[in-house]
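Participant: turn this into a model:
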Amino acid sequence: MSREDLAEGELEVLGRMPWSSNGTFLGCINGEGGQIVVYKPRRGERPLWDFPHGSLCAREVASFELSEALGWSIVPETVLRDGPLGTGSVQRFVEHDPDEHYFTLLETHEEAFRKFAVFDVLANNADRKAGHCLRAQSDGHVWGIDHGLTFHPQDKLRTVIWDFAGERLDAEHIEAVRRVAADGSLRDRLASLLSPVEADALVARAEQLARAKRFPEPDPGYHSVPWPLV
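Facilitator: Numbering: from 1, shown residues only. Down below sits the predicted model:
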């Protein structure tokens with residue numbers, strides 16, 4: 001299903017997804033036999049002290065935009081649209097085995113997770129849990145989900161993916177990061193979704209990572225891993 005179909009098709013809520021800290025719903029686009037989606041309405045977001053209230057759904061969409069700019073297909077198709085519970089993000093649901101996650105998949109999908117690590121640095125992902133990494137049952141592709149806590153202008157990287165800390169980036173990764181730094185249209189889209197300050201901070205992170213050419217190391221003065229880990 002195309003992004004246009006996600007944005008314009010009829011959205012039906014099937015039920016609330018358990019264990020979510022914010023209001024998260026399973027839905028369907030275009031009725032029986034249509035695309036299953038994850039719907040996160042703005043009104044279901046819990047207030048947070050460090051992220052503007054009502055902005056998490058837009059950060060989900062901004063993360064998809066970054067994924068597309070990198071060309072790595074990390075984030076499933078995601079749109080911001082109206083729905084039965086108001087405006088929110090709608091993301092294509094990935095059929096997966098819930099017992100699989102970063103720690104069980106790392107050995108066989110290291111290259112994919114190196115790209116995840118670069119993505120998370122650029123997005124300033126404050127909540128990369130192991131369970132936010134899914135392997136699609138259809139083709140084995142590894143996807144990342146739950147990107148509401150991203151793009152803060154202050155350093156907030158919190159992730160389980162520290163296995164590559166200090167290692168040099170591949171040339172392919174450096175080139176992709178440079179493209180992001182120079183992508184004015186991406187910057188403008190993120191400024192519209194989030195704020196100009198947050199969009200400029202992404203550019204600054206990309207420029208810094210391209211210069212460093214290495215994966216960052218965890219800051220000993222900062223809690224650099226999320227909890228729970230999975």
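
Participant: return the helix or strand in this protein with minimum mean pLDDT.
Facilitator: None of the helices or strands of the chain scores lower by mean pLDDT, DSSP states H and E than helix 3-8, at a mean of 93.

Participant: phi and psi next, for the residue lying farthest from the centre of the chain.
Facilitator: Within the chain, E32 marks the point farthest from the mean C-alpha position, 27.8 Å out by Cα atoms, centre = their mean. Dihedral pair for E32: phi -60, psi 130, per degrees, to the nearest 10.

Participant: quick check: pLDDT value at the residue lying closest to G54 once chain neighbours are set aside.
Facilitator: Excluding its sequence neighbours, the residue lying closest to G54 (Cβ to Cβ, 6 or more residues apart in numbering) is R42, at 4.8 Å. Every C-beta, even on glycine, is put in place using the N, C-alpha and C of the backbone. At R42 the predicted local confidence, pLDDT, stands at 98.

Participant: now swap in Q91 and tell me
Facilitator: Predicted confidence (pLDDT) at Q91: the value is 98.

Participant: what do you get for E32?
Facilitator: E32 is assigned a pLDDT of 72 by the prediction.

Participant: if I look at it, how far off is V79?
Facilitator: In this structure, E32 lies at 21 Å from V79, with Cβ to Cβ, to the nearest Å as the measure.

Participant: if we can go back for a sec, distance check, the residue farthest from the centre of the chain against L14.
Facilitator: According to Cβ to Cβ, E32 stands 11 Å off from L14.

Participant: mean confidence for the helix ranked longest in the chain?
Facilitator: When secondary structure is assigned using DSSP state H, the longest helix within the chain turns out to be helix 196-212. Helix 196-212 shows an average pLDDT of 98 in the prediction.

Participant: what are the buried residues along that helix?
Facilitator: Burial within helix 196-212, assessed by neighbour count using 16 or more other Cβ atoms under 10 Å, is assigned to 198-199, 201-203, 205-206, 209-210.

Participant: please apply the same query to stretch 92-108.
Facilitator: Neighbour-count burial for stretch 92-108, with 16+ other Cβ under 10 Å as criterion, is recorded at 92-94, 96, 100-102, 105-106.

Participant: between the two ends of it, how far is it?
Facilitator: Stretch 92-108 has an end-to-end distance of 24 Å (criterion: Cα to Cα, to the nearest Å).

Participant: report the central residue of this protein.
Facilitator: Note on the chain: the residue nearest the mean C-alpha position is H147, at 3.6 Å, using Cα atoms, centre = their mean.

Participant: helix or strand: which one has that residue?
Facilitator: Remark: H147 resides in no helix or strand, with elements defined by DSSP states H and E.

Participant: the residue nearest to it when sequence neighbours are not counted: what secondary structure?
Facilitator: Beyond its immediate neighbours in the sequence, the residue positioned closest to H147 (Cβ to Cβ, 6+ apart) is S63, lying 3.6 Å away. Put simply, S63 is helix when judged by DSSP: H, G, I helix; E, B strand; the rest coil.

Participant: what's the pLDDT at S63?
Facilitator: pLDDT for S63: 99.

Participant: dump the residue contacts of it.
Facilitator: Residues touching S63, when contacts are defined by Cβ atoms under 8 Å, 6 or more residues apart in numbering, comprise 75, 78, 123, 147, 150-151.
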